[in-house]
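In: whatever this is, show me its structure:
(2 chains, ligands or ions: 4)
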Amino acid sequence: MKEKLVVIGNGMAGMRTVEELLKIDADMYDITVFGAEPYGNYNRIMLSPVLAGDKTIEEIMINDMQWYKDNDVTLHSGKEVTSIDRVNKKVIADDGTEESYDRLLVATGSDAFIIPVPGNDLEGVIAFRDIKDVDTMIAAAGKHKHAVVIGGGLLGLEAANGLMEQGMSVTVVHLMDKLMERQMDAPAAAMLKESLEERGLHFLMEASTESIIGKDRVEKVRFKDGSEIYADLVVMAVGIKPNIKLAKESGIHCERGIVVNDTLQTYDPSIYSVGECVQHRGEVYGLVAPLFDMAKVCANHLAKMGIGRYEGTMTSTKLKVTGIDLFSAGDFTGDETTDELVFQDKARGVYRKIVVKNNKIEGAVMYGDTIDGSWYFDLMRDGTDISEFRENLLFGQAHLGDSGHGDDNRVASMADSAEICGCNGVTKGDIVIAINDKKLFTLDEVRAHTKASSSCGSCTGLVESLMSHVLGGDHSTAPHLKPMCGCTDKSHTDVRAAINTGELKSVREVMDSMAWKTEDGCSKCRPALNYYLVCKHPDAGVDDNQSRLINERAHANIQGDGTYSVIPRMWGGMTTPKELRAVADAAEKYNLDTVHVTGGQRIGLYGVKKEDLPAIWKDFNDAGMVSGHAYGKALRTVKTCVGRDWCRFGTQDSTGIGIKLEQLSWGSWMPHKFKMAASGCPRNCAEATIKDYGVVCVDSGYELHVGGNGGIKVRATDFLCNVETEEDVLEYSAAYMQLYREDAYYLERTAPWIERVGLNYVKEAIVEDAEKRKELADRFRYGQTFMQDDPWAERAQGGESHEFTPMKVIG
Amino acid sequence: MSDWIEVGTLNDIPKLGARVVEVAAGNIAVFRTAEDKIFAVADKCPHKGGQLSQGLVMGNKVACPMHDWKIELESGTAVAPDEGCAATYPVKMEGETIMLSLTANEGCPNE
Ligand code: SRM
Ligand SMILES: Cc1cc2nc3c(=O)[nH]c(=O)nc-3n(C[C@H](O)[C@H](O)[C@H](O)COP(=O)(O)OP(=O)(O)OC[C@H]3O[C@@H](n4cnc5c(N)ncnc54)[C@H](O)[C@@H]3O)c2cc1C
Ligand code: SF4
Ligand code: FES
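Out: Residues are numbered from 1 along each chain as shown, chains lettered A, B, ... in the order given. Ligands and ions are numbered 1, 2, ... in the order given. Predicted structure coming up:
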């Protein structure tokens, strides 16, 4: 017989946990859910748009009654659990319903705080927490005029705005001298107040409520200074407190909330708890992002996978009032040890403050234009070193050289037909509909359902902004170090550390020893694991072809029609009549219509049938040409200009140095593709300053540049240092490539890698520490002794033949 | 429906790999999983016709080499939220020999 799981609380955290559990193992438990509210599970954060008339209750249902039936989950809706009998392991509801459990999940959320003043129980005095409250407010708005909202925080302002949209005259009463004092600093709060006043809200600041007056129904609110205002409806939005009554009465250890460990287990090992009722490492949360993180970990433990820990979540805030953009995250007050970067443009209604400590973002407040909120939040969460772009930080990501986007990043004002994802042709409207209809919360979900941001990723920022625009609140739930993929909770860093101990020698061993959740991993993690292994053990034959994607397995680029491209090396962009003849012969012999001069200074042949690949490679080998690795996460090309030999401005032999660089580095597997260039003078005709490693020849020697990228997002290189000799250029490049190979995450190009680790980190290893540089360069050269066998030659001689021939031809 | 054709042996296909059986009416990809289970699926992704035989095999699924849809090898259906279906074909092992039938299984609407 299946074990029984009982869930108390039919809210966002409890049901998210059940969903996560069903995803891992739908058959493990008999699941029964108690919910005090008489509905399925709905998206509580969307009550604000419902109140404002922008959404209906049906639109915010996450799991309706049918969902429970379809998933074999028993729902006792409208029944409140009144006691937990831990000795006999059963729960009892107010109507007498009993259910026994093997494991129990307590997800009772929180209660609105009602201030203890006389009259707080009069009719017309309510909180803003559930559908019932919203119904009451909408009904009141139909009959009455004056509403008073007590509390000028997030919830209070959303309630006030909604009531105003419903036609009431609304006064917000706040104890402090500024609104949202926990999320806003003084200037932002003042701007917020001003624009809400422009919309017609009234404010009473620093007002302390003394009593609520009325006969049957509320009539007035009275303050400590003796003044009074009319009120037909009073909404208390002064805070929430974890709903722990039931847990406490049952003897489960509680402090401010129900105390849980990193696996979301309470002091009673068969009882788990998630959501706002929980206290974890001393914190209680009031936003959904942490709850979703908890749900994931808790489901994992309920499913007895026993991996994954909840380690807390950083949260950020947005206000869901249409037309008002504000964002805050982290510690934005600062102190003596921090710097404040502030940008304010009163006329445009824009304000930004970023608090920085040791070149890392500690917190941010934004008002008016919050498009970069998610970017700052990511930088903060990842602890990114911002020294390199500190002077541009305040102006936002668009000013770091994001090609094409930038100012039109204003998702709110974009038309529904505007294309957000250029790779997959996904419009703003498509994404908004998917978020609403399919109830999507995370970036990964939006990617899976719409394909937006799932290809080149350049629109990720736009998609995230759009998500916060539609969802409000914090949708972004990624914990500090993101798991590599859905197959594991381990991050790239964790996995690499394990591989670097040296004991693991195959993709299978890594997955087994690190408790992978899927049988064979997936197309995201397996190539990464394989790379990490190859990088660690170049000499041990650990490379697993089946964990490489098709291009690297076939050593050619698959095309849309299933044929392949063949691009042989032309060292340093130089070629010879003999090579050109070989290219021409191959094009004719294999009937290839397309011969293209690539963007990497060499020639590509397109439309080659897979079974012809070994033969065409043999022809190229015979002409002395080898694979150009145009298909690989590997060294691609070294672009050069003609340099000193011909050009009147040339200072050094840029072509020669380019050829030597290519000879040094061809064949090396990298985290991502790697491109170099060498220009003969600062006119820089080889575009060395948008390459992963660029050399600019100068009269006194060579300037070395690193971390450039010319692709999706243009990034100019950082200047690394000057060196004097060719030997130096080669040694520095070998050391730099090895540092990148050993340090970057798989699929992280040098540009984002350097932005993550900081240029100083690279300088310390390559420029300042001669010994370390030499060690790195030696490791690179040693690895290369195993990598520089032409993969084409091996296959032209019959290697891996199964890859290129059909198993059988029928008819 | 007993027109079984011998197409090769287990060891012709690498573990977690696939080979193609060329058929005039449309190629068939024959997959081998980590546990040596064999599946035969039309070599044509329901998304935009990518060659599934060139994909990466994971569990009883293959990730299409074109845009990374995941296709169930047993049923030929795309893993949600993607939608679509590739025809599957009966296969059986006789000792080490792989036998394939060219009559597609029912259940997947042919375009
Ligand atoms: C062949 C070539 C276009 C051409 O005909 O000129 C090309 C073709 C492709 N590029 Fe490129 N890129 C080519 C030069 C470039 C350049 C120019 C350069 O190298 O100077 C760039 C910008 C420079 C840069 O990388 O910083 C470039 C930036 C990209 C990007 C964006 C990379 C980025 O980090 O932003 C991708 C996507 C990716 O790698 O994920 C890409 C991906 C691709 C892929 C592999 C897409 C794919 O997965 O099928 C294309 C393969 C076509 C094929 O079958 O060969 N290609 N690609 C060029 C090959 C050069 C070579 O000889 O090896
Ligand atoms: C109007 C509003 C706007 C919000 N906006 C945002 C926002 O923009 N961003 C954001 O991140 N967060 C927002 N929040 C907060 C967010 O909704 C909560 O953090 C989240 O819903 C808490 O989830 P939970 O499961 O812990 O509790 P809940 O969702 O409250 O669920 C608990 C459920 O348990 C039930 N229950 C309690 N006791 C019992 C019992 N004994 N027996 C049976 N059932 C019981 C309750 O009736 C309730 O349905 C907002 C909240 C409100 C009210
Ligand atoms: S070659 Fe490059 S730019 Fe051209 S379509 Fe392919 S990926 Fe896009
Ligand atoms: S063709 Fe298979 S995923 Fe697009």
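In: dump the residue contacts of residue A:518.
Out: Taking CB atoms under 8 Å, 6 or more residues apart in numbering or on different chains, we find residue A:518 in contact with A:486-487, B:58-59. Where you see a C-beta, it was placed from the backbone N, CA and C, and this is true even at glycine.
In: out of these, who has the most neighbours?
Out: Going through the contacts of residue A:518 with other CB atoms under 10 Å in any protein chain shown as the criterion, the one with the most neighbours is residue B:58, at 24 neighbours.
In: filter the contacts of residue A:518 down to the ones near ligand 2?
Out: By CB under 6 Å from any ligand atom, no member of the contacts of residue A:518 lies near ligand 2.
In: mind putting these into JSON lines with pLDDT and secondary structure?
Out: Putting the contacts of residue A:518 into JSON lines (pLDDT from 0 to 100; DSSP: H, G, I helix; E, B strand; the rest coil) gives the following:
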{"residue": "A:486", "pLDDT": "87", "secondary structure": "coil"}
{"residue": "A:487", "pLDDT": "92", "secondary structure": "coil"}
{"residue": "B:58", "pLDDT": "96", "secondary structure": "strand"}
{"residue": "B:59", "pLDDT": "94", "secondary structure": "coil"}
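In: with adjacent residues omitted, what lies nearest to the residue in chain B that ligand 2 sits nearest to?
Out: Of all residues in chain B, residue B:81 sits closest to ligand 2, with a separation of 24.0 Å (CB to the nearest ligand atom). Among residues not flanking residue B:81 along the chain, residue A:449 sits closest, at 4.8 Å (CB to CB, 6 or more residues apart in numbering or on different chains).
In: per-residue pLDDT of that neighbour, please?
Out: Looking at residue A:449, its pLDDT is 86.
In: name all residues that make contact with residue 48.
Out: Using chain A here. If a contact means CB under 8 Å, 6+ apart, then residue A:48 has A:158-159, A:161-162, A:320-321, A:472 as its contacts.
In: correction: the question concerned chain B.
Out: For residue B:48, the residues meeting the contact criterion (CB under 8 Å, 6+ apart) are A:560, B:66-67.
In: apply 10 Å and report the result again.
Out: By CB atoms under 10 Å, 6 or more residues apart in numbering or on different chains, the residues touching residue B:48 are A:560, B:64, B:66-67, B:69, B:84.
In: pLDDT check: weakest of those?
Out: Taking pLDDT as the measure, those have their low point at residue A:560 (87).
In: what about the closest residue to residue A:692 other than its chain neighbours, neighbour count?
Out: Nearest-residue entry for residue A:692: residue A:750, 4.3 Å, with adjacent residues in sequence omitted and distances by CB to CB, 6+ apart. Residues within reach of residue A:750, counting by other CB under 10 Å, total 29.
In: measure residue A:750 to residue A:674 for me?
Out: The gap separating residue A:750 from residue A:674 is 7 Å, by CB to CB, to the nearest Å.
In: quick one: low-confidence parts of the chain?
Out: Let's take chain A. A:322, A:398-410, A:412-413, A:455-458, A:472-481 (pLDDT under 70).
In: looking at chain B here, not the other one
Out: Counting by pLDDT under 70, chain B shows low-confidence ranges at B:1-2, B:109-111.
In: would you point out which residue of it is nearest ligand 1?
Out: Taking CB to the nearest ligand atom, chain B has residue B:66 as its residue nearest ligand 1, at 9.2 Å.
In: what sits against that residue?
Out: If a contact means CB under 10 Å, 6+ apart, then residue B:66 has A:550, A:558-560, A:562, B:45, B:47-52, B:54-55 as its contacts.
In: which ones are touching the residue located most distally from the centre of chain B?
Out: The centre of chain B is farthest from one residue, residue B:81, which by CA atoms, centre = their mean lies 20.5 Å away. Contact analysis of residue B:81 by CB under 10 Å, 6+ apart lists A:434, A:438, A:440, A:445, A:447-451.
In: let's see 8 Å
Out: By CB under 8 Å, 6+ apart, the contact list for residue B:81 reads A:438, A:448-449.
In: and it, how close does it get to residue A:86?
Out: As judged by CB to CB, residue B:81 and residue A:86 stand 41 Å apart.
In: with residue A:707 instead?
Out: Distance check for residue A:707 against residue A:86: by CB to CB, it reads 58 Å.
In: when those two are compared, which one has more neighbours?
Out: Regarding residue A:707 and residue A:86, a neighbour count based on other CB under 10 Å identifies residue A:707 as having more, with 26 against 16.
In: give the full set of residues in contact with the more buried one.
Out: Residues near residue A:707 by CB under 8 Å, 6+ apart: A:692, A:715, A:717-718, A:750-751, A:753-755, A:759, A:762.
In: which of the residues you listed fall in strands?
Out: By the criterion of DSSP state E, membership of the contacts of residue A:707 in strands covers residue A:718.
In: kindly reformat the contacts of residue A:707 as a markdown table containing distance to ligand 2.
Out: Output for the contacts of residue A:707, formatted as a markdown table (distance: CB to the nearest ligand atom, whole Å):
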| residue | distance to ligand 2 |
| --- | --- |
| A:692 | 40 |
| A:715 | 33 |
| A:717 | 40 |
| A:718 | 38 |
| A:750 | 36 |
| A:751 | 33 |
| A:753 | 32 |
| A:754 | 33 |
| A:755 | 28 |
| A:759 | 36 |
| A:762 | 38 |
